[in-house]
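Engineer: Provide a 3D model corresponding to the input given below.
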Amino acid sequence: MKFVAVPVVFFLYTLFVSVASAETRIGDDKGGSVGKYLLMFSEIRDSGEHVVIDGDCFSACTLVTAILPASRVCVTDRAALGFHAGWVDDGAGNRVVSPEGTRLLYVLYPPKVRRWITHHGGLGTRMIVLKGRELTDFYALCQ
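Structural biologist: The predicted model follows:
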């Protein structure tokens, strides 16, 4: 009986360690479709993975702050989060600010991120970037 239990315990331990150590690395991500990022980060959240931000995480990529708990995200010294207003295509290939989309993005962000955004002028047409020492007030440095 003990002989059988040891392999089962070892298997469960190995499974736990491999799931607990899974990670997704973000680097130089300029964003894209909000829906795509909401789905991707929800899947990462549900999988139990950790996220390492190691470079630019701009635009829709910043939804990582809305979907994953801060305890599952770490940043490197190269990490930067870039926030701006929500955009839509006007049908002629031009991007125009979407007030509704911008409001949705804003309310999705956690309160601490919203305060930072507001303190830096809000979500507008220009990119505001959270990086360096300010960013490590939000997320731990990766080990």
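Engineer: Now do the residue nearest the centre of the chain against Val51, distance only.
Structural biologist: The centroid of the chain falls nearest to Val64 when counting by C-alpha atoms, centre = their mean (1.7 Å). Distance, Val64 to Val51, by C-beta to C-beta, to the nearest Å: 6 Å. Backbone N, C-alpha and C define where each C-beta goes, glycine included.
Engineer: Pull up the overlap in contacts between the two.
Structural biologist: Common neighbours of Val64 and Val51, using C-beta atoms under 8 Å, 6 or more residues apart in numbering, are Ile26, Val73.
Engineer: next helix or strand past the least confident helix or strand in the chain by mean pLDDT?
Structural biologist: Lowest on mean pLDDT, DSSP states H and E among the helices and strands of the chain sits helix 2-20, with a mean of 37. Counting by DSSP states H and E, the next helix or strand C-terminal to helix 2-20 is strand 23-26.
Engineer: where do the strands sit along this protein?
Structural biologist: Per DSSP state E, the chain carries strands over the ranges 23-26, 50-53, 56-58, 73-75, 80-83, 87-89, 95-97, 128-131, 140-141.
Engineer: Who are the packing partners of the fifth one?
Structural biologist: Read it as strand 80-83. Strand 80-83 sits against strand 56-58, strand 128-131, with contacts defined as 3 or more C-beta pairs under 8 Å, 6 or more residues apart in numbering; DSSP states H and E.
Engineer: Cool, thanks, talk later.
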